[in-house]
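1. I would like the atomic coordinates for the input below:
(one chain, ligands or ions: 2)
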Amino acid sequence: MASADTQTAPLPAHEMTSFPRQLPSLRSNQGSEVGSASTAWMLPTSLSVPTSEMRARYDRDGYIWIKNLIPREDVLDMREHYFTQFAHTGILKPNSCPREGIFNPANDPLLHQGIGATPDAQTLDLLDIAHTTPDYRKFLEHPSLRAFVRDFMGWDKEVLVDRAMLRHNVPGSLSTAVHYDKLFLRAGEAEFLTAWVPIGDCAANGGGLMYLENSNTLGEEIEAEFMRNSQHMPEAERIDAFNKNMAAGGFLSHDAEEFGRVEGKGGRWLVGDYEAGDVVFHKPYMVHAATRNEDEKGRIRLASDLRFYEEGAGLDRRWLRVWRHDDGL
Ligand SMILES: O=C(O)CCC(=O)C(=O)O
Ligand SMILES: [Fe+2]
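-> Ligands and ions are numbered 1, 2, ... in the order given. Below is the predicted model:
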């Protein structure tokens, strides 16, 4: 991936895992597509890179994409577990297995939406249960992930807030709109670390996350403006991602193309071909969105997003409960 299409400096030879392929054009929920001239490949980082260099990349780029952090089969087990719970809804292609998670192309994508879009009542009930299963809660404890987080952050002990999400996006459905995570975790003063875990392979146009290049400062500026405009609100309202100064759903925009062009001043959207086992970590103000799932193989995008604090740090206590569709956060 040593080319100008990659976001940052050329990779050392031992880190080149694949040759560059043509940059994709991407879509969000509304607006025109983000043409390939406005996209770039994210920088992948292998576990062999020294921690100091990983930290430098995270500080510089606002994200770090770690390849093969969790054993692939453990991630695919989780994929199978999740889609087994949804199989009876008819979401899966006939004669395909839950581990593959292929969408039934005869379905209306808008009737099979997940978190971040507009799930129907039956799906909401299933989602509530899916977030509580022992398999999922155990997956969140994965020792490879936890050891990495401690080591990378230099923490003796990490706290994962219980509110972690499982989000599926079938091809053609709506996807998570443009935001930075601090919008939703305003009550804690400590800095947290987000981990985005694709649960299955996910090509660049397959519904994974895209990051607005070098946008952590932009996110900080937007948040400072929100805070200035809400200083007269009562505390509970001020920290609410859905208060009257915020757009619907707490998002910054549903149109990534326009947001990148106008707010991002032409910054590129960074994306990767993610594989099961990879984890992307990002900063609280880094602007991102999920791409619209246009996977040619019909694979349903499934991912989980997690937030870690250092033990004892001032965290957002509202997030200490397992996600429910009606938790108001
Ligand atoms: O997976 C998604 O669609 C959204 C995830 C996200 O926004 C995050 O990891 O912070
Ligand atoms: Fe996010």
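2. OK, contacts around Lys244?
-> Residues near Lys244 by CB atoms under 8 Å, 6 or more residues apart in numbering: none. Heads up, the C-betas are built off the backbone N, CA and C, glycines and all.
3. So it lies in a helix, does it not?
-> No: under the criterion used here (DSSP: H, G, I helix; E, B strand; the rest coil), Lys244 is coil, not part of a helix.
4. Low-confidence ranges, the stretch 1-150 of the chain, go.
-> 1-4, 6-20 (pLDDT under 70).
5. let's go with 50 and repeat that
-> Where the stretch 1-150 of the chain drops to pLDDT under 50, the residues are 1-2, 13.
6. Closest residue of it to ligand 1?
-> Gly116 (4.8 Å; CB to the nearest ligand atom).
7. element containing that residue?
-> Remark: Gly116 resides in no helix or strand, with elements defined by DSSP states H and E.
8. Excluding sequence neighbours, find me the nearest residue to it.
-> Nearest non-adjacent residue to Gly116, counting by CB to CB, 6 or more residues apart in numbering: Thr176, 3.7 Å away.
9. List the contacts of the one you found.
-> Taking CB under 8 Å, 6+ apart as the test, what Thr176 contacts is Gly116, Ala117, Arg167, Leu209, Ala289, Ala290.
10. So which residues of the protein form helices?
-> Shown for the chain, the helices assigned by DSSP state H span residues 51-61, 72-86, 121-130, 134-140, 143-153, 216-229, 235-238, 256-262.
11. Make TSV from those and add mean neighbour count and distance to Gly328 to it.
-> Output for the helices of the chain, formatted as TSV (neighbours: other CB atoms under 10 Å; distance: least, CB to CB, whole Å):
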stretch	mean neighbour count	distance to Gly328
helix 51-61	15	31
helix 72-86	19	24
helix 121-130	15	14
helix 134-140	15	22
helix 143-153	16	28
helix 216-229	15	19
helix 235-238	12	11
helix 256-262	21	26
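12. How about the residues of the stretch 1-150 of the chain by ligand 1?
-> Gly116 (CB under 6 Å from any ligand atom).
13. Pull up the gap between Ile222 and Met78, please.
-> According to CB to CB, to the nearest Å, Ile222 stands 34 Å off from Met78.
14. Ok, Val287 next?
-> 28 Å.
15. Please apply the same query to Tyr274.
-> Tyr274 is 15 Å from Met78, by CB to CB.
16. Most widely separated two among the contacts of Thr176?
-> Ala117 and Leu209 (14.9 Å; CB to CB).
17. Just want the most central residue of the chain.
-> Nearest residue to the geometric centre of the chain (CA atoms, centre = their mean): Trp196, 4.5 Å.
18. any idea how far that residue lies from Ile129?
-> Taking CB to CB, one finds Trp196 at 23 Å from Ile129.
19. What of Gly206?
-> Counting by CB to CB - Gly206 and Ile129 are separated by 26 Å.
20. Chain neighbours aside, what residue packs nearest to Arg292?
-> Arg27 (4.0 Å).
21. can you pull the contacts of the one you found?
-> Glu33, Val34, Ala256, Thr291, Arg292, Glu294.
22. Spit out the contact partners of Glu258.
-> Gly31.
23. Touching, Phe281 and Val197? I think so.
-> No: Phe281 lies out of contact with Val197 (CB atoms under 8 Å); the separation is 10.0 Å.
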